[in-house]
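Colleague: Model the following, please.
(one chain, ligands or ions: 1)
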Amino acid sequence: MEILSPQNARVKEWALLLEKKHRDKQHKYLIEGIHLVQEALRSGADIECICYEKENGIPAELSSAAAARLDVNWIAVSEAVIAKCSDTKTPQPVFAVLRKADEQVQMKSLLNKDRSLVVVLDGVQDPGNVGTIIRTADAVGADGIIVGSGSADIYSPKVIRSTMGSLFHLPILRSQLSEILPQAKEQGIRLAGTSLQAAVNCYEYDFTGPVWLLFGSEGGGLSEEVRALMDDGLIIPMRGQAESLNVAMAASVLLYEGLRQRYFN
Ligand SMILES: C[S@@+](CC[C@H](N)C(=O)[O-])C[C@H]1O[C@@H](n2cnc3c(N)ncnc32)[C@H](O)[C@@H]1O
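Modeller: Coordinates of the predicted model:
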């Protein structure tokens, strides 16, 4: 049985995946914990290897997968390696290294969907918000998420944790919005921006055709560049005194209105 030490070159490479400046340049990312590893296995994510602590062996929750998934490289590592490859103070007993999906393939599939419902994030910076939006988009069966350059990194440990595994269930693409949004318009997809200044009440909007929903940053909302490309502007009506909704809450309201119109009308 191969047992890796903290000095092993592969371990050093994995630990660097936790640091933003290194993570961006890599085609891989790291996930931690039994639940996320289970989800990655179940969802057919592209797994390079799964590492578990050698003293305790493969966690019971993963033992049947370990027997069935002989295509996956299961590696025993020391406790020190687990700690080195963990983003948290109380490391989980297992982590996995995954390969990122091919972004060109993802982009093609998102642009070609007939009835697509896609979420676009323009500068959403809070990792918890990004993760929650990914999870909600998965829950309603949205076709994908496009994350603009000013948003939180989808491969950061915090975003990954807060998706609770939804990260593996739908295409998620990092893209320059100034490039991909005009391409979507050419395909006949409507770009519906959400903002407090918008004119259209979201409950009067038709979500049944191909539509991409654009959400802006926590502080400043949608950027000028993205506003200029919008076809429609949607507002979620508010009756109380709150200035605005949290962006993840706003995304939930609109995604569920989309789900209602598409499947429960
Ligand atoms: C906290 S809000 C941004 C507030 C910002 N000060 C502004 O003026 O746009 C963050 C994002 O949530 C969405 N949002 C929040 N409340 C909304 C509402 N009532 N109607 C439509 N979108 C909303 C929008 O996408 C917005 O860009």
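Colleague: Give the burial count for whatever residue of the stretch 51-200 of the chain ends up closest to the ligand, as a bare number.
Modeller: Closest to the ligand within the stretch 51-200 of the chain is Thr194: 3.6 Å, counting by Cβ to the nearest ligand atom. (C-beta placed from N, C-alpha, C; glycine too.) Per other Cβ atoms under 10 Å, the neighbour tally for Thr194 reads 27.
Colleague: for the one 3 residues further on, same thing?
Modeller: When neighbours are defined as other Cβ under 10 Å, Gln197 has 10 of them.
Colleague: and if you look at Asp102?
Modeller: By other Cβ under 10 Å, neighbour count at Asp102 equals 11.
Colleague: Tell me the residues on the protein that lie near the ligand, please.
Modeller: 194-196, 215-216, 218, 220-222, 235-236, 238, 244-245, 247, 250 (Cβ under 6 Å from any ligand atom).
Colleague: Bridged to the residue of the stretch 51-200 of the chain closest to the ligand, which residues?
Modeller: Leu234 (DSSP bridges).
Colleague: residue contacts, it?
Modeller: Thr194 is in contact with 202, 213-216, 222, 233-236, 250, 254, counting by Cβ atoms under 8 Å, 6 or more residues apart in numbering.
Colleague: Please, where are all the helices along the stretch 51-200 of the chain?
Modeller: Along the stretch 51-200 of the chain, counting by DSSP state H, counting those that start in this stretch, helices occupy 60-68, 79-84, 103-112, 127-140, 157-163, 177-186.
Colleague: hang on, the earlier thing: who wins for neighbours among the residues of the chain next to the ligand?
Modeller: Ranked by neighbours (other Cβ under 10 Å), these are led by Thr194, which has 27 neighbours.
Colleague: before we move on, back to that, of the residues of the chain next to the ligand, which is the nearest to Gly33?
Modeller: Among the residues of the chain next to the ligand, Val247 lies closest to Gly33 (Cβ to Cβ), at 25.8 Å.
Colleague: pLDDT below threshold where in the stretch 51-200 of the chain?
Modeller: Within the stretch 51-200 of the chain, no stretch has pLDDT under 70.
Colleague: thinking again about what came up before, what would the helices of the stretch 51-200 of the chain look like in a markdown table with mean neighbour count?
Modeller: Converted to a markdown table, those look like this (neighbours: other Cβ atoms under 10 Å):
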| stretch | mean neighbour count |
| --- | --- |
| helix 60-68 | 13 |
| helix 79-84 | 18 |
| helix 103-112 | 15 |
| helix 127-140 | 22 |
| helix 157-163 | 22 |
| helix 177-186 | 16 |
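Colleague: what domains does the record give for this protein?
Modeller: As assigned by automatic domain parsing, the chain contains the domains 2-99, 103-263.
Colleague: My read is that Trp212 contacts Ser116, right?
Modeller: Yes - judged on Cβ atoms under 8 Å, Trp212 makes contact with Ser116 at a distance of 7.3 Å.
Colleague: Identify the contacts common to those two.
Modeller: Joint contacts of Trp212 and Ser116 (Cβ under 8 Å, 6+ apart) are Ile189.
Colleague: which ones are touching Lys20?
Modeller: 153, 156.
Colleague: whoops, Asp153 was the one
Modeller: So Asp153 contacts 20, 23-24, 127, 159 (Cβ under 8 Å, 6+ apart).
Colleague: That'll do, ta.
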